[in-house]
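*Asks:* Only the shape, not the letters, is given here:
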């Protein structure tokens, strides 16, 4: 297999799942890929009254299926990283679950988050 020029291979796939009662009557129910438009699914949820508060992402590496290897144009032996993302409103309502399959050598994650104060006692904050 001849390597493709940089930037021409797909990096990942991502499929989002929503509760029907949250997206009924919105553009997100259009069956064509990418129907959410500018702002994506989160904008559709916001417009429907579901403001995103936080999300949980779980990542794990694995061997790709034959279909994934073909779709992502993976070299033999290249692994994928599978992402499971659960998105919540402030009251804990799950408004999206997404599964992403990422070519491990063509995708990177970067996280920046606050670390709790380990010196504070329970119920105390600074």
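*Replies:* Received it, and whenever you're ready, just let me know what you need. Only a predicted model underlies this, so the values are computations on that prediction, with no experimental measurement involved.

*Asks:* C-alpha from now on. contacts and neighbour counts both.
*Replies:* Will do.

*Asks:* Residue 85 looks like it's in a helix, true?
*Replies:* No. Going by DSSP: H, G, I helix; E, B strand; the rest coil, the assignment for residue 85 is strand, not a helix.

*Asks:* Number of residues surrounding it?
*Replies:* 17 (other Cα atoms under 10 Å).

*Asks:* my read: it touches residue 94, true?
*Replies:* No. The pair residue 85 / residue 94 is not scored as a contact, 10.5 Å apart, by Cα atoms under 8 Å.

*Asks:* Just the residues contacting whatever helix or strand residue 14 lives in, thanks.
*Replies:* Using DSSP states H and E, the element containing residue 14 is strand 12-17. By Cα atoms under 8 Å, 6 or more residues apart in numbering, the residues outside strand 12-17 that reach it are 72, 96-103, 107.

*Asks:* so where do the strands sit in this structure?
*Replies:* 12-17, 54-62, 80-88, 94-103 (DSSP state E).

*Asks:* sorry, back to before: list the buried residues in the strand holding residue 14.
*Replies:* Residues residue 12 are the ones in strand 12-17 that count as buried (16 or more other Cα atoms under 10 Å).

*Asks:* Okay, now the sheet partners of it, with direction.
*Replies:* With DSSP bridges as the test, strand 12-17 is paired with strand 94-103 (antiparallel).

*Asks:* buried stuff in the strand it pairs with?
*Replies:* Buried residues in strand 94-103, counted by 16+ other Cα under 10 Å: 94-97, 99-103.

*Asks:* quick check: angle from it to strand 54-62?
*Replies:* Interaxial angle, strand 94-103 versus strand 54-62 (axes from the mean of the first three to the mean of the last three Cα atoms, to 10 degrees): 30 degrees.
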